[in-house]
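> no sequence on this one, just coordinates:
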């Protein structure tokens with residue numbers, strides 16, 4: 001069984017597209033699967049959209065991405081877990097490659113990503129730098145991370161002390177327990193944060209995180225890009 005775990009907070013606009021892509025990709029494989037949406041304190045129609053696309057909804061009240069991912073994983077029943085962000089569109093090719101990697105002995109992994117829509121100049125620069133950097137470091141992006149159930153349990157799940165960067169920590173934790181791969185296949189995730197926030201805001205945030213060190217991602221304060229009121233995507 002493949003369990004797709006989708007953390008979501010107020011994602012009624014994009015969640016349907018994500019779940020359609022997951023369902024289409026999973027059906028193309030012809031394997032048993034389930035989709036679990038961990039609905040973290042949404043105040044919109046996120047849960048209704050999830051149920052309309054045959055997903056099982058797990059309501060939580062964390063407002064923290066690591067804890068929400070873990071809640072979805074605990075409710076899932078599959079021996080293979082694929083974590084997909086609510087604004088990300090997967091392909092059958094990427095899902096098939098992830099399943100093949102786990103069947104071949106990988107404890108987990110990630111894949112390449114591209115951003116949808118038109119990005120501002122600074123966003124294009126950041127994407128051009130960050131995507132190959134993550135690959136070179138052997139890290140999965142948060143929008144698509146997969147692992148075996150055994151690997152997830154051995155790693156202790158996502159680190160709930162972290163409000164950001166939990167995917168990098170999970171990647172390292174999984175690598176300590178076995179082979180971790182970053183696939184060449186890609187998924188498409190939303191570029192809305194790069195469109196809705198200015199270069200000054202995003203680069204200033206990254207500079208503050210770099211100066212403050214790991215302690216900066218152990219609290220919600222100062223992480224408004226992820227936890228503040230969501231801005232309208234101008235693109």
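Great, that's in hand. Here the structure is a predicted model, which is why all the values come from computation and not from measurement.
> Which positions within stretch 30-49 qualify as buried?
Burial within stretch 30-49, assessed by neighbour count using 16 or more other C-beta atoms under 10 Å, is assigned to 33-40, 42, 45-47, 49. Placement of C-beta: from N, CA and C, glycine included.
> Same question for stretch 136-148.
For stretch 136-148, a neighbour-count test (16+ other C-beta under 10 Å) marks 139, 140, 141, 142, 143, 144, 145, 146, 147, 148 as buried.
> just those now: which is nearest residue 169?
The shortest gap between residue 169 and any of those belongs to residue 139, at 9.4 Å (C-beta to C-beta).
> Please name the residues that touch the closest one.
110, 167, 168, 171, 172, 182 (C-beta atoms under 8 Å, 6 or more residues apart in numbering).
> Could you do residue 115 as well?
Taking C-beta under 8 Å, 6+ apart as the definition of contact, the neighbours of residue 115 are 123, 127, 188, 189, 190, 191, 194.
> any chance of those in TSV, with distance to residue 234 too?
Listed next are the contacts of residue 115 as TSV, based on distance: C-beta to C-beta, whole Å:
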residue	distance to residue 234
123	12
127	17
188	19
189	17
190	13
191	11
194	11
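> Need the residues that contact the worst-scoring helix or strand of the chain on mean pLDDT.
Least confident element among the helices and strands of the chain, by mean pLDDT, DSSP states H and E: helix 199-212 (a mean of 88). When contacts are defined by C-beta under 8 Å, 6+ apart, helix 199-212 is touched by residues 120, 122, 126, 164, 193, 194, 216, 217, 222, 223, 225.
> Buried only: go through these for me.
With neighbours counted using 16+ other C-beta under 10 Å, the contacts of helix 199-212 contain these buried positions: 120, 126, 164, 193, 194, 216, 217, 222, 223, 225.
> Looking at those residues, which are in helices?
Cross-referencing those with the helices (criterion: DSSP state H) gives 126, 193, 194, 225 as the overlap.
> tell me the secondary structure for the nearest residue to the third one once chain neighbours are set aside?
Spatially, and ignoring its direct neighbours in sequence, residue 194 is nearest to residue 123 (3.4 Å; C-beta to C-beta, 6 or more residues apart in numbering). In the three-state summary, residue 123 is assigned as helix, counting by DSSP: H, G, I helix; E, B strand; the rest coil.
> end to end, how far does stretch 193-202 reach?
Using C-alpha to C-alpha, to the nearest Å, the end-to-end distance of stretch 193-202 comes to 9 Å.
> can you pick the most crowded of the contacts of residue 139?
If you count neighbours using other C-beta atoms under 10 Å, the busiest of the contacts of residue 139 is residue 110, which has 29 neighbours.
> re the thing from before, give me the number of residues near the residue nearest to residue 194?
Using other C-beta under 10 Å, residue 123 is surrounded by 20 other residues.
> quick check, nearest of the ones in helices among the buried ones among the contacts of helix 199-212 to residue 4?
Using C-beta to C-beta, residue 193 is the member of these that lies nearest residue 4, at 22.5 Å.
> who are the neighbours in contact with the closest one?
Under the criterion of C-beta under 8 Å, 6+ apart, the neighbours of residue 193 are 202, 225.
> go again using 7 Å as the cut-off
For residue 193, the residues meeting the contact criterion (C-beta atoms under 7 Å, 6 or more residues apart in numbering) are residue 225.
> how far away is it from residue 59?
From residue 193 across to residue 59, the span is 25 Å (C-beta to C-beta, to the nearest Å).
> Could you give me the buried positions within the strand of greatest length in the chain?
Counting residues, the longest strand found in the chain (DSSP state E) is strand 180-189. By neighbour count, and taking 16+ other C-beta under 10 Å as the criterion, the buried residues in strand 180-189 are 180, 181, 182, 183, 185, 186, 187, 188, 189.
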